[in-house]
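Visitor: Sequence and predicted structure, then a few things I'm wondering about:
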Amino acid sequence: MAKLIIILVTLISILFIAMPNTHAQKLNPDGENKWFQNICNGKESVAKVHFYVQDLLGGENITVYEVARATITSNSPTMFGQVRVLDDLLTAEPDINSQEIVRVQGLITSADLKTSALAMNLNFVFTAGEYNRSTISILGRNQIDNDYRELPVVGGTGIFRMARGYAITNTYSYDAVTNYGVLEYTLYVTYVEDAANIFLANE
Ligand SMILES: *[C@@H]1O[C@H](CO)[C@@H](O)[C@H](O)[C@H]1NC(C)=O
Ligand SMILES: *[C@@H]1O[C@H](CO)[C@@H](O)[C@H](O)[C@H]1NC(C)=O
């Protein structure tokens, strides 16, 4: 038991020691500690964020690539075992040439033997606007043959620290010839109201 605790403490220390390298250099540990001690007194904010994902599955500007497949995948009605990685542009309007506000990066795995459903890990990275440089993460199941799909929002960084919520998504359009899909996403998120203060103070 003592050994286990030591290992856990060591692991936790490694996580904390590693933090400054994985975040922007400007994070200030003293400021972070003070902020975190008061976090439970904080109020929550809500945000509703709406955008279109430009899913380029083919063509010269492809943004979704297969990285692996299982022995069963080619014979599976649901493409079971196919793993893809993506870095898609998100826009405020359905048109691919409208303003970039976010990118979505992550892994999607066909993970249901009988129904077309994906296990998804998506990280939304804001690149402009009031949420610039903040991120929101989705982790969950996406049953793509449903018109509307619900996915869990499990966390965030920057302004979206301690985020949780859900996303509703549907296929806005799909062109089978060019293999180009536009997906509509609306995220309903709660997060710590204070987060913006410390995040912007670290600038
Ligand atoms: C690919 O991207 C380039 C640069 O943005 C653009 O000029 C071109 O039209 C795009 N190709 C297609 C097929 O959309
Ligand atoms: C968003 O943040 C990046 C990185 O710090 C910066 O280069 C860019 O100018 C910002 N964009 C806007 C619109 O604020």
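Guide: It's in. Ligands and ions are numbered 1, 2, ... in the order given.
Visitor: Now do the SS call for the residue lying closest to residue 66 once chain neighbours are set aside.
Guide: Once flanking residues are discounted, residue 66 sits nearest to residue 84: 5.2 Å by C-beta to C-beta, 6 or more residues apart in numbering. For glycine as for every other residue, the C-beta is placed from the backbone atoms N, C-alpha and C. Going by DSSP: H, G, I helix; E, B strand; the rest coil, the secondary structure assigned to residue 84 is strand.
Visitor: cool, residue 71 as well?
Guide: coil.
Visitor: what's the burial count for it?
Guide: Using other C-beta atoms under 10 Å, residue 71 is surrounded by 8 other residues.
Visitor: these two touch, right, residue 169 and residue 182?
Guide: No: Residue 169 is not in contact with residue 182 according to C-beta atoms under 8 Å; the separation is 11.2 Å.
Visitor: Which one's more surrounded, those two?
Guide: Neighbours per residue, other C-beta under 10 Å: of residue 169 and residue 182, the larger number sits with residue 169, 21 against 17.
Visitor: need the contact list for the more buried one.
Guide: Contacts here follow C-beta atoms under 8 Å, 6 or more residues apart in numbering; on that basis residue 169 touches 142, 148, 149, 151, 183, 184, 185, 186.
Visitor: which of these are buried?
Guide: 142, 149, 151, 183, 184, 185 (16 or more other C-beta atoms under 10 Å).
Visitor: wait, which of those residues is closest to ligand 1?
Guide: Nearest to ligand 1 out of the buried ones among the contacts of residue 169 is residue 183 (C-beta to the nearest ligand atom; 17.2 Å).
Visitor: Please state the backbone phi and psi of residue 31?
Guide: The phi/psi pair for residue 31 (degrees, to the nearest 10) reads phi -60, psi -40.
Visitor: quick revisit: can you pull the pLDDT of the residue nearest to residue 66?
Guide: In this model, residue 84 is scored at 98, pLDDT.
Visitor: now do the one 5 residues further on
Guide: Note for residue 89: predicted pLDDT of 95.
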